[in-house]
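A.B. asks: just the structure for this:
(2 chains)
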Amino acid sequence: MAATPSKSRVKPSPPAPQTPASGPRRSLRLSSTPRTPVHCYDPSSPRKSAKKSKRSLLKTPAFCPITPNLPESKRRRRSGPDSNPSKKKIYFKRVVFDGVGFEIGDAVYVKRREDAESDGDEPEVEECRICFEVGNFVMVECDDCLGGFHLGCLKPPLKKVPEGDWICGYCEARKMGKVVELPKPPAWKKIKRTAKEKLLSSDLWAARIESLWKEPDGTYWLRCRWYMIPEETAAGRQPHNLRRELYRTNDTANIEMDSVIRHCFVMNPKDFFEANDEGDDVFYCEYEYDVHWHSFKRISEIDNSEECDEGAGNDDEWKLSKDSDSQTDEDSEKEEDTAQGTSYRKYQTHQLAANSRRGRIFGLQRIGAKRIPEHVRCHKQTELERAKAMLVLAILPKSLPCRTKEMEEITAFVKGAICDDQCLGRCLYIHGVPGTGKTMSVLSVMRNLSSEVEAGTMRPYSFIEINGLKLASPENIYKVVYEALSGHRVGWKKALHHLNERFSEGIKVGRQENQPCVLLLDELDLLLTRNQSVLYNVFDWPTRPHSKLVIIGIANTMNLPEKLLPRISSRMGIQRLCFGPYNYQQLQEIILTRLEGIDAFEEQAIEFASRKVAAMSGDARRALEICRRAADLADYRQKQLSSCTKVTSPDSSAGKCLVGMADVESAIQEVFQAPHIRIMKTSSRLSKILLVSMVHELYKSGLSEITFDKLAATVSSLCSSNREDIPGWDTLLKVGCKLGECRIILCEEGTKHKLQKLQLNFPSDDVAFALKDCPEVPWLSKYL
Amino acid sequence: MPVSKIPSFSSGSELGSAVVNDLEIAGRCQGSSTNWKRSRSQSALKSSIKSVPSPAKRIALRRCSNAIVDSKGEQCCDDSNGEPRVVPSSKTLREERSSDPCFQRSTWNPRDPAQIQAVKEALHVASAPDNIVCREDEQKSILDFCKACIEQDKSGSLYVCGCPGTGKSLSVKKVKELLVLWAKEAGFQAPEVLSINCTLLTKASEIFSKVIEKLHPHLKNNSCSPLQDLQKLYSQKRQLSSGKMMMIIVDEMDYLRTRDHQVLHDLFMLSTLPYSQCILIGIANTIDLADRFLPRVESLNCKPNVVTYCAYSKDQILKIIQQRLIVLGYDIFEPIALEFCARKVAAASGDMRKALDVCRSAIEVFEAELRLATNKEELKIVRFDHMDIALSRAFKPLIVDTIQSLPQHQQIILCSVVKFFWQCKKNATTIGELNRSYSEICKGNHIPPVGMLEFTNMCRALSDQGLLNVGQAKEIKQKRVTLKIDGSDVIFALKEIRFFNNCLEFLNK
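C.D. replies: Sure thing, here's the model as predicted:
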């Protein structure tokens, strides 16, 4: 931070003035003020910077390794490092670290990880662009190139800072179309870049502090929300962007205090235009940028709804609270604390201190992470409840068993295509019945690879995931792909045109160099159009020389390539991967890994469920659903039990209930048994009699169809022989109509009431099963 | 015949016998030897008619002659014992190869990722070779046609057809470049070239606006359609027009098909207009596109010339792969492995893309083995067995394995289908009937049958896997079910499962 000893940084050949992005701009402010230096012993003290708050002034006096004590110490409530080292995180509103106070809501510079060793030499003061001296004179800032100029060095020299916009002579000349010779720095002089310049050339990052805490091990951490420079957004720098404009993002990260450099000032438009002489570290921020959807929102609109928005999709926080139940109590406890930061210097910067994932979207982290509502946090979860939570389909398990071979193959496929310098286009077709983990495996492979990219062992690539079901029409795939590659939203025809240029001629899309691109097409069969041109185009791209496109297609049908036109299947290649249905051991393993450490199920119960599912479909989703339902039932049973026995022994019953075979059995019944049995069981007395007489007639005659006329006769004979009231025809007709509406029986179309033919829609065995032991009308079993 | 052509092989017969062993193994691995033999005899015939056009192809030709020796060798030493001597045979081949000055090559180091990468790149579909082998005749006829058009300053249309992966687009693209070069040399004005892939058009008639855009980029005429503009342009004598020929290459032409075939018709008619200056080259798969859809053009006696691209034969595939690999300067594949690949692909489809894919997949198999292998000396070349694995991945249907790994109830369904068809001597049924037959089997084995809903789901899963075919109907029960695979396959697969022993008893009656 401020106290780091500054050594002059050697830059290979920095272009002296930053050339601005072209485009008209409004002028913002005058950035120079005569100011008296604060530190008298600093020969080259800041002239240009005039910060409002005093604390930011004590910046790196060049030879002073220790920051003097600061006036803000009076503002802290408690001083000294935390006296009782607790095992919990302690949250603070304000931390004085290395002598500089950081508060929630402050904006700071954060160093990039790769720059970790070369930090600490940001000159506080900018040099004049002409004389390359710091000097103790008034400087004026060009509104175009942001270069600083001494008033005296200008030609003609200015007496005072001009009102309104001021553009330096070089920029003016450049605008006129002249070739501008910028003054060269003296050879011996090493150009230092200010933190602002570094930030704007994305060598540094800016972030807003969202929360501060101290880890149990004594390190200070902060949760920061990143700022982005316009170049880093998907849209790139637009003409209307100001030079000092930043975007607030919705991307946050936890970083260690060590990677924070110093304060900067990010202001809303109003403050920014009022700020006249705030120094060099002033930035303008009007919009929030959504890194996932590449959309911009005015901050003033968001901040109103911030409270509910906060943490809505915030799985980190949730995970933390999951780790230790008791920790949540501490959340509210906010303290102020001061740490003698220098003593914490010995801690290594955390591996991910400066998050390298900022601005890049993989979009995979948040598969169905569910936030547990507050009231759940309050009470301790029972084993059953935890089991239920783990069995929810949306939960992403920690490990994916039983698909290691397939995942290895996918990894090898993607790596083989991307790792090389020349990315060769390829296609892989993955097929398998539903619920066999196709999409999940691919996504988890991509997640692993993205962490490899982060670690630097792999080339960066872009990953686009498209689900055919989510597209309004197959053609929209062009739109989605183009938007993911370039950030622009255009119509599909235009997108197709651009994509074709990109893939077949290698024309750049968007700002940066064309990265290899992995395209995951889920539910591929839905992209089939009548003339199959969408699939043709998509699969034609990887065969082009410059495409750098890798396609992974997923569908259920094994023979989709054969169904396609031969020219498409020829382009699709021969690489196939089959995800077979799970067998019962695999299903069992899947359930057991999810329930690791939770003692809620009997061993046989799981085996029973997995055997049952494996025999029918081998669908893991089914198996999980059945287990969850069984846990539900067991939970319900237990709660009823405990409510009865609460008075006697509330403790012994809690947490001691295991999901048994009976629960699984009834869950399976619910899932697999069709609802018609239930309907028959709960239907009225007369409709039961009617159904039984239909079955009876069926047995007698062997014909599946019966006329209503005949059925009525049978019903009345059954009723009379069992001393029931004989129903009238209209009642019987009404009952028959109701059964027909439920589709328990099929009625012949038409109006011939008497001779209308009726037919059972379900096998007679089902009727027999449903009505065999009916307590209401016991005599029915005679006829079944 | 060309045995005399290979004096460099010191021991021809030994080589032959070694190769024969491989072939026999191949036959055994593959299981369908009849197909194999037929294709071989054909290719032997074809390879005897050969010309020696360019020095670049000399080595490839030698390799081909090698293949002929193989087939000959089999005839003479058919009784040689069938020991699997795959590895030694490759070694002898390689040794001889290296002793021959003609085949003096550096050895391939498969552990070098850069070299592997180079090989993969050479085999990739996108990396087109500079000169196209095996398509010289077709290419020449297209080029001649274009040259004639330009020389006589008249329009013309040409239709190129052939199966996918036979190099149509590639060679037309080549012709395009050659033609521009030729025009420059011969002093003609180089034609404007417009190549369009019709799948990229959003509407069939958009093609005309593309043409007119290319022809007159600044023409702004909103009064009439692009087609009318073009027709006007080509039907009146105009000094204004640049006099440049226009070459329009229309790839995947059948995407221009509309209901009344008007677009296709108009497009071909463009070249018949009196002052037309366009050379139209259409590319598509269907062989009779012009005959079927352009009767009117035909009646005007302006039927386009047709150039047909046949599927590649085994020798051509071999030659193309070798040509792609020859620049690398080292042996990657065992010759026998390459030939096996070429034969298989030629027999299946003659699709070059497939052949290249198979080769790459064989390299991947080889790589995987390399990673496992500890001894460095063992693996130096992609062997026959690697290629065999790759080919079986590409072509071998895995019906038996699929059936055996199905969930039990789905197996029962398949069993009941076969049983039903066997008993009723039918080959189609409905889901309702099938469910009855299925329930019978379940009851016979004391298994609770699943409900109708679940049953339908399972039928759909089976049809997804290409085992059943479930038709469309309003009522679920009325959906037509047919078996998509051979019933005997199902029986074969199920026989190995103990559960089905008594279900399949009906076969013995």
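A.B. asks: point out where chain B drops to low pLDDT.
C.D. replies: B:1-107, B:219-223, B:237-243, B:301, B:374-379, B:506, B:508-509 (pLDDT under 70).
A.B. asks: give me the most central residue, it.
C.D. replies: For chain B, B:Asp351 is the residue whose C-alpha lies nearest the centre (C-alpha atoms, centre = their mean; 1.8 Å).
A.B. asks: is it true that that residue touches B:Gly165?
C.D. replies: Yes: applying C-beta atoms under 8 Å, one finds B:Asp351 in contact with B:Gly165, separated by 3.4 Å. Glycine gets a C-beta too; all of them are placed from N, C-alpha and C.
A.B. asks: hang on, the earlier thing: residue contacts, the residue nearest to the centre of chain B?
C.D. replies: By C-beta atoms under 8 Å, 6 or more residues apart in numbering or on different chains, the contact list for B:Asp351 reads A:Ser570, B:Cys163, B:Pro164, B:Gly165, B:Thr166, B:Ala311, B:Tyr312, B:Val345.
A.B. asks: which residue is the nearest non-sequential neighbour of the first one?
C.D. replies: Spelled out, that is A:Ser570. B:Pro164 (3.8 Å; C-beta to C-beta, 6 or more residues apart in numbering or on different chains).
A.B. asks: from B:Lys314, how far off is the one you found?
C.D. replies: Separation of B:Pro164 from B:Lys314 (C-beta to C-beta, to the nearest Å): 18 Å.
A.B. asks: of these two, which one has the most company?
C.D. replies: B:Lys314 (27 against 20; other C-beta atoms under 10 Å in any protein chain shown).
A.B. asks: just checking, that one touches B:Leu338?
C.D. replies: No: between B:Lys314 and B:Leu338 there is no contact under C-beta under 8 Å: 10.3 Å.
A.B. asks: backbone dihedrals for A:Ser687, please?
C.D. replies: With angles defined as degrees, to the nearest 10, A:Ser687 sits at phi -70, psi -30.
A.B. asks: neighbours around B:Arg353, how many?
C.D. replies: 22.
A.B. asks: surely it is in a strand?
C.D. replies: No: secondary structure of B:Arg353 (DSSP: H, G, I helix; E, B strand; the rest coil): helix, not part of a strand.
A.B. asks: tell me, what's touching B:Asp351 and B:Gly165 both at once?
C.D. replies: A:Ser570.
A.B. asks: what helix or strand is the residue of the stretch 151-300 of chain B found nearest chain A on?
C.D. replies: Chain A sits closest to B:Pro164 of the stretch 151-300 of chain B, with a gap of 3.8 Å, by C-beta to the nearest C-beta. Using DSSP states H and E, B:Pro164 falls within no helix or strand.
A.B. asks: distance check, it against A:Lys438.
C.D. replies: Taking C-beta to C-beta, one finds B:Pro164 at 27 Å from A:Lys438.
A.B. asks: can you check A:Phe708 too?
C.D. replies: Distance from A:Phe708 to A:Lys438, by C-beta to C-beta: 51 Å.
A.B. asks: distance between the ends of stretch A:419-438?
C.D. replies: 23 Å (C-alpha to C-alpha, to the nearest Å).
A.B. asks: pull out the buried positions in that stretch.
C.D. replies: The neighbour-count check on stretch A:419-438 (16 or more other C-beta atoms under 10 Å in any protein chain shown) flags A:419-420, A:423-438 as buried.
A.B. asks: just the strands in chain B please.
C.D. replies: Here chain B has its strands, by DSSP state E, at B:156-162, B:192-197, B:246-251, B:278-284, B:305-309, B:429-430, B:468-470, B:480-483.
A.B. asks: any idea which of those gets closest to A:Ile464?
C.D. replies: strand B:192-197 (22.3 Å; C-beta to C-beta).
A.B. asks: what pairs with that closest one, parallel or antiparallel?
C.D. replies: strand B:246-251 (parallel) (DSSP bridges).
A.B. asks: and the contacts of the strand it pairs with?
C.D. replies: So strand B:246-251 is contacted by B:146, B:169, B:172-173, B:176, B:179, B:191-198, B:207, B:211, B:214-215, B:256, B:267, B:277-283 (C-beta under 8 Å, 6+ apart).
A.B. asks: can you turn the buried part of those residues into a ChimeraX selection?
C.D. replies: This is the ChimeraX syntax for the buried subset of these, where burial follows 16+ other C-beta under 10 Å:
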select /B:146,169,172,173,176,179,191,192,193,194,196,197,198,207,211,215,256,267,277,278,279,280,281,282,283
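A.B. asks: quick check: mean pLDDT across stretch A:213-227?
C.D. replies: Average pLDDT, stretch A:213-227: 83.
A.B. asks: and the end-to-end length of it?
C.D. replies: 21 Å.
A.B. asks: list the buried ones in it?
C.D. replies: A:Trp213, A:Lys214, A:Thr219, A:Tyr220, A:Trp221, A:Leu222, A:Arg223, A:Cys224, A:Arg225, A:Trp226, A:Tyr227.
A.B. asks: I'd say the third one and A:Glu256 touch.
C.D. replies: Yes: here A:Thr219 lies in contact with A:Glu256, judged by C-beta under 8 Å, at a distance of 6.0 Å.
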